[in-house]
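# need the 3D shape of this:
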Amino acid sequence: MVSFEEYFYDWAQANWELLVERVVCSPNESFVVYGSGSDYEAAGHSRVFFHKAEPTHEIICVAKSTVLDWISEAEVDLTKFDFDAFVSIYEKWFDISPPFDHILLTEKGAVGGNYQQIVIPFEQINISVKKIKI
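Residues are numbered from 1 along each chain as shown. Below you'll find the model as predicted:
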């Protein structure tokens, strides 16, 4: 049986490409994949529609003032983290469910299972788009 998360990531990536990327980006631009991307054809790509599109832009989270990680309750430097996904707090952990009022960020350059993730309340940040330097 396939879990909700597996279907959700495909659905989220499809909507990211059609509803966010196509509205914000020009036809020759694209964002990095949303969350873990689609696993529908994971061996070939993480995108649903524009399989060969290389990311040209990324989502940047900029602190309005001091930013506290919801997980550790410690102050964090957002420049050390990449946007991952929208999440919510459910009971004692974050979850992929409405109202999507928090942002999940992952440590830059994270490879394998040794990385840090942080969860930031949406009201603590502003979101912008930045061109990826090649």
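
# for the rest of this, base every contact and every neighbour count on C-alpha atoms.
Fine.

# hang on, isn't I125 packed against V62?
Yes - between I125 and V62 there is a contact under Cα atoms under 8 Å: 5.3 Å.

# neighbour count: these two, which is higher?
For I125 versus V62, the count of surrounding residues by other Cα atoms under 10 Å is larger for I125: 19 against 15.

# leaving out chain neighbours, which residue sits closest to that one?
A63 (4.5 Å; Cα to Cα, 6 or more residues apart in numbering).

# near the one you found, how many other residues are there?
Count around A63 with other Cα under 10 Å applied: 19.

# all helices of this protein, in order?
Secondary structure of the chain by DSSP state H: the helices cover 4-15, 22-24.

# so for the first one, what gets flagged as buried?
Along helix 4-15, these residues count as buried under the neighbour rule (16 or more other Cα atoms under 10 Å): 9-10, 12-14.

# in those residues, find the pair that's most separated.
Within the buried residues of helix 4-15, two members stand farthest from each other by Cα to Cα: Y9 and A14, at 8.5 Å.

# and for those two, which residues touch both?
Jointly contacting Y9 and A14 under the rule Cα atoms under 8 Å, 6 or more residues apart in numbering are S38.

# with distance to L104 as new columns, can the buried residues of helix 4-15 be given to me in JSON lines?
Below are the buried residues of helix 4-15 laid out as JSON lines (distance: Cα to Cα, whole Å):
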{"residue": "Y9", "distance to L104": "14"}
{"residue": "D10", "distance to L104": "18"}
{"residue": "A12", "distance to L104": "14"}
{"residue": "Q13", "distance to L104": "15"}
{"residue": "A14", "distance to L104": "19"}
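
# now pLDDT too, for those, in CSV please.
Shown next, in CSV, are the buried residues of helix 4-15 (pLDDT from 0 to 100):
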residue, pLDDT
Y9, 85
D10, 87
A12, 90
Q13, 89
A14, 91
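
# which one of the helices of the chain lies nearest to S88?
Here helix 4-15 is closest among these (Cα to Cα), at 14.5 Å.

# C-alpha coordinates for the closest one, PDB please?
Provided in PDB are the C-alpha atoms of helix 4-15 (Å, rounded to 0.1, in the frame of the first residue of the first chain):
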ATOM      1  CA  PHE A   4      -0.300   9.400   1.800                       C
ATOM      2  CA  GLU A   5       3.100  11.100   1.800                       C
ATOM      3  CA  GLU A   6       4.100   9.300  -1.400                       C
ATOM      4  CA  TYR A   7       1.000  10.600  -3.200                       C
ATOM      5  CA  PHE A   8       1.300  14.000  -1.600                       C
ATOM      6  CA  TYR A   9       4.800  14.700  -2.800                       C
ATOM      7  CA  ASP A  10       3.800  13.900  -6.400                       C
ATOM      8  CA  TRP A  11       0.700  16.100  -6.000                       C
ATOM      9  CA  ALA A  12       2.700  18.900  -4.300                       C
ATOM     10  CA  GLN A  13       5.400  18.900  -7.000                       C
ATOM     11  CA  ALA A  14       2.800  19.000  -9.800                       C
ATOM     12  CA  ASN A  15       1.000  22.000  -8.200                       C
END
